[in-house]
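> Build me a structure from this.
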Amino acid sequence: MRKIYIKENESGQRFDKFLKKYLSEAPGSFLYKMLRKKNIVLNGRKATGSEKLKKGDQVKLFLADETLEKFTGKQETAHSKKKLPKIQMPVVYEDEDVVFYNKPAGVLSQKAKPSDVSVVEYLMEHLLETKALRQDDLKTFRPSICNRLDRNTSGLITAGKSLAGLQKLSELFKDRTLKKYYLCLVKGTIDKRAHICGYLQKDKATNQVRIAKQAGADAVPIETEYVPVAWNQEITLLKVHLITGRTHQIRAHLAWQGHPLLGDPKYGDPKWNRKWNGRMKTAQTRQMLHAYELVMPEMNKTLKKLSGRTFTAPVPEDFYKIIKEITWEHGTQEVLEVQH
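A predicted model of the protein is given here:
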């Protein structure tokens, strides 16, 4: 028999959902059979699995050790044995519920295949090293990121350390009450703020998207707002408000407007990119896009510590060097205020 006490990160979820995480290799039919036969009980009583768990609840598993070993699986803790490459990923903010990182370019937000290393693995390592979580906690709760950045986009990426933090942050991104701002370098002169809309359709075969004025099959509406920070006759530094947040939205939407991002291999202007590389001391090797700022809404319950606050992530070295090297005709002071 195994006895489990429900912790804070496990409370608030259905009992059967908890069991499917804890006994991750067991079929659902087995779990419900064990509940019916009272081989799995909650607080000493027969349970259906639909109960909402509370902190301190007691779960008893009247199962053989061999059965428990077979169905608990070992994949949840394997990550801790893998040595991660050393990278600089500064913590911008951290409390007991959330952590915000300044992600460097070149790092995946989440794994695309099992062999990949992503921000999630560094998050797990950080939480285990700081003892915010124990290995055993990972059987029933998986901390995760709440927003994704393309591999070669740098900047603010957020993660939930607790179930409450993960759920609330995810909710803020989903309902768009949290405002997201990016900095990017684009082709051409933009000297006025704009609010642009369109429809985005993803091509899974090429992992690219197309933008259109009218809705089409499988297309989703997008909104992007931007204001020029500095510009000259060839290039503009934009601060972009990402309103909807779809795949490659900023990169594709601005390219569709005739202002592709400097260094963008998918939606950029190769000839223009080569021209800039040939005349600049600092070569661009990726799209010049950085998740710069998050503005939190007012909150009076969960994540109250974050209520109304603004968080910024300094631009990385490659981006900063290009900004400083360009001769700007307008907005020089604003450029100097982009902190590095």
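> ok, which stretches of the stretch 51-200 of the chain are strands?
Counting by DSSP state E, counting those that start in this stretch, the stretch 51-200 of the chain has strands at residues 58-61, 91-94, 98-103, 144-145, 154-160, 179-187, 194-203.
> As a check, name the ranges of all helices in the stretch 201-340 of the chain.
For the stretch 201-340 of the chain, applying DSSP state H, counting those that start in this stretch gives helices covering 249-256, 270-279, 317-325, 332-336.
> got it, and the stretch 1-150 of the chain?
Under DSSP H, counting those that start in this stretch, the stretch 1-150 of the chain gives helices at 15-22, 28-36, 65-72, 119-129.
> Of all the ones you listed, which one is nearest residue 318?
helix 119-129 (19.1 Å; C-beta to C-beta). Placement of C-beta: from N, CA and C, glycine included.
> and the angle from the closest one to strand 154-160?
In terms of direction (axes from the mean of the first three to the mean of the last three C-alpha atoms, to 10 degrees), helix 119-129 departs from strand 154-160 by 60 degrees.
> Just say which of the helices of the stretch 201-340 of the chain is most tucked in.
helix 249-256 (a mean of 24; mean count of other C-beta atoms under 10 Å).
> Outside of that helix itself, list whatever touches it.
150, 182, 184, 186, 196, 198, 200, 208-211, 222, 224, 226, 238, 240, 242, 260-261, 264, 266-268, 287, 289 (C-beta atoms under 8 Å, 6 or more residues apart in numbering).
> count of neighbours near the residue lying closest to residue 212 once chain neighbours are set aside?
Nearest residue to residue 212, sequence neighbours excluded (C-beta to C-beta, 6 or more residues apart in numbering): residue 199, at 4.9 Å. Neighbour count for residue 199, taken as other C-beta atoms under 10 Å: 17.
> before we move on, what about residue 259?
Neighbours of residue 259 under the rule other C-beta under 10 Å: 20.
> And for residue 65?
If we define neighbours as other C-beta under 10 Å, then residue 65 has 9 of them.
> now residue 288
Residue 288 has 27 nearby residues by other C-beta under 10 Å.
> Verify the stated contact: it with residue 263.
Yes: if you go by C-beta atoms under 8 Å, residue 288 and residue 263 touch, sitting 5.3 Å apart.
> who touches both of those two?
residue 185.
> Where does pLDDT dip in the stretch 201-340 of the chain?
When residues are selected by pLDDT under 70, those of the stretch 201-340 of the chain lie in 332-340.
> Show the pLDDT at the residue nearest to the spatial centre of the chain.
The chain has residue 147 as the residue nearest its centroid, 2.5 Å off, counting by C-alpha atoms, centre = their mean. In this model, residue 147 is scored at 95, pLDDT.
> And the strands in the stretch 201-340 of the chain, which stretches?
For the stretch 201-340 of the chain, applying DSSP E, counting those that start in this stretch gives strands covering 208-212, 220-231, 235-242, 289-295, 310-312.
> need the contact list for residue 296.
172, 178, 303, 306-311.
> From residue 310, how far off is it?
7 Å (C-beta to C-beta, to the nearest Å).
> Residue 12 now?
29 Å.
> Compare these two (neighbour count), which wins?
Using other C-beta under 10 Å as the criterion, residue 12 and residue 310 rank with residue 12 on top: 14 against 10.
> From what I see, the more buried one and residue 168 are in contact.
No: contact criterion C-beta under 8 Å: residue 12 and residue 168 do not qualify, at 11.6 Å.
> you'd agree residue 146 is up against residue 156?
No: Residue 146 is beyond contact range of residue 156, at 10.8 Å (criterion: C-beta under 8 Å).
> what's near enough to touch the nearest residue to residue 186 once chain neighbours are set aside?
Leaving out its chain neighbours, the residue that sits closest to residue 186 by C-beta to C-beta, 6+ apart is residue 259, at 4.1 Å. Applying C-beta under 8 Å, 6+ apart, we find residue 259 in contact with 186-188, 190, 236, 238.
> would a markdown table of those residues with distance to residue 65 and neighbour count be doable?
Below are the contacts of residue 259 laid out as a markdown table (distance: C-beta to C-beta, whole Å; neighbours: other C-beta atoms under 10 Å):
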| residue | distance to residue 65 | neighbour count |
| --- | --- | --- |
| 186 | 61 | 28 |
| 187 | 64 | 21 |
| 188 | 67 | 16 |
| 190 | 66 | 21 |
| 236 | 65 | 25 |
| 238 | 60 | 23 |
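> for the longest helix seen in the chain, which positions count as buried?
If you go by DSSP state H, the chain has its longest helix at helix 163-175. Using 16 or more other C-beta atoms under 10 Å as the test for burial, helix 163-175 gives 163-170, 172-173.
> Stretch 201-213 too?
Buried, per 16+ other C-beta under 10 Å, within stretch 201-213: 201-202, 209, 211.
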